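S.K.: Build me a model from this:
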Amino acid sequence: MRLMIRTAAALAAFLIAAPLAAQETALPEEPDSVLGSITGTLDLRPAEWRVMENTEGGGSHWSREEATLSVRMDGILDGVGDASRLVISFDLAGPESSVVPTDIYIALTHPDFDEPLVAMGDDISLEITAVTQLSDDMVIAGGVNALLQVPGSESDENDVTLDGNFQVTLPREEDEA
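M.R.: Numbering: from 1, shown residues only. Model prediction:
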């Protein structure tokens, strides 16, 4: 009888602890490092990138030089992870109510493509719908359309379209603080 009580108590403790342990492992690592998302399509297939604060290539942040804001968003594709990264960088000039994006650059790595793809200049349409500075954070929302290509490629057969919306809260670049 004592053995049954001990066994039942141990089994009950296991049944209570196991779901709690599973919940703890299901939580994302470093949840505060996700700053927002870029959601849309990549070559007409649904895609969502998590914009990360710290990545191997430098992460996401903003900085200010005189009247110009420099912005960098570094996203990791959900379901693919570090194997697919989307980096969107641009400068913003003008007052917060009517900023104009300039010097726009987009780079994409993805396992489906042999080489990194980029977009610059007329191959990008970037619209900023909201910009607000909150202390050392910058909240930015907008949309992007781009035609990504292998740099220096003469052919357009490997061109990839990107269409998305983003909303992020970026920290000030550490050198700036």
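S.K.: Per-residue pLDDT of the spatially most central residue of the chain, please?
M.R.: With distances taken as CA atoms, centre = their mean, the residue of the chain nearest its centroid is Val51 (1.9 Å). With respect to pLDDT, Val51 scores 96.
S.K.: and it, how far is that from Asp123?
M.R.: As judged by CB to CB, to the nearest Å, Val51 and Asp123 stand 21 Å apart. The C-beta positions use only the backbone N, C-alpha and C, and glycine is treated the same way.
S.K.: before we move on, back to that, figure out the helix or strand that the residue nearest to the centre of the chain lives in.
M.R.: Assigned by DSSP states H and E, Val51 belongs to strand 45-52.
S.K.: and if you look at Ser37?
M.R.: strand 34-42.
S.K.: ok, the residue nearest to the centre of the chain touching Phe166?
M.R.: Yes. With contact defined as CB atoms under 8 Å, Val51 counts as touching Phe166 (7.2 Å).
S.K.: Now the common contact residues for the two.
M.R.: With contacts defined as CB atoms under 8 Å, 6 or more residues apart in numbering, the residues adjacent to both Val51 and Phe166 are 36-38, 73.
S.K.: most neighbours, which of those residues?
M.R.: Of all these, Met73 has the most neighbours under the rule other CB atoms under 10 Å, reaching 26 neighbours.
S.K.: so what's Glu103 up against?
M.R.: Quick fix: residue 103 reads Asp, not Glu. Taking CB under 8 Å, 6+ apart as the test, what Asp103 contacts is 89-91.
S.K.: re the thing from before, in its sheet, what does the strand holding Val51 sit against?
M.R.: Under the criterion DSSP bridges, strand 45-52 sits next to strand 34-42 (antiparallel), strand 68-77 (antiparallel) in its sheet.
S.K.: And for the residue nearest to Asp137 when sequence neighbours are not counted, the neighbour number?
M.R.: For Asp137, the nearest residue in space outside its immediate sequence neighbours is Thr169; the separation is 5.3 Å by CB to CB, 6 or more residues apart in numbering. Using other CB under 10 Å, Thr169 has 17 neighbouring residues.
S.K.: Where does Thr169 sit: helix, strand or coil?
M.R.: Under the three-state scheme (DSSP: H, G, I helix; E, B strand; the rest coil), the conformation of Thr169 reads as strand.
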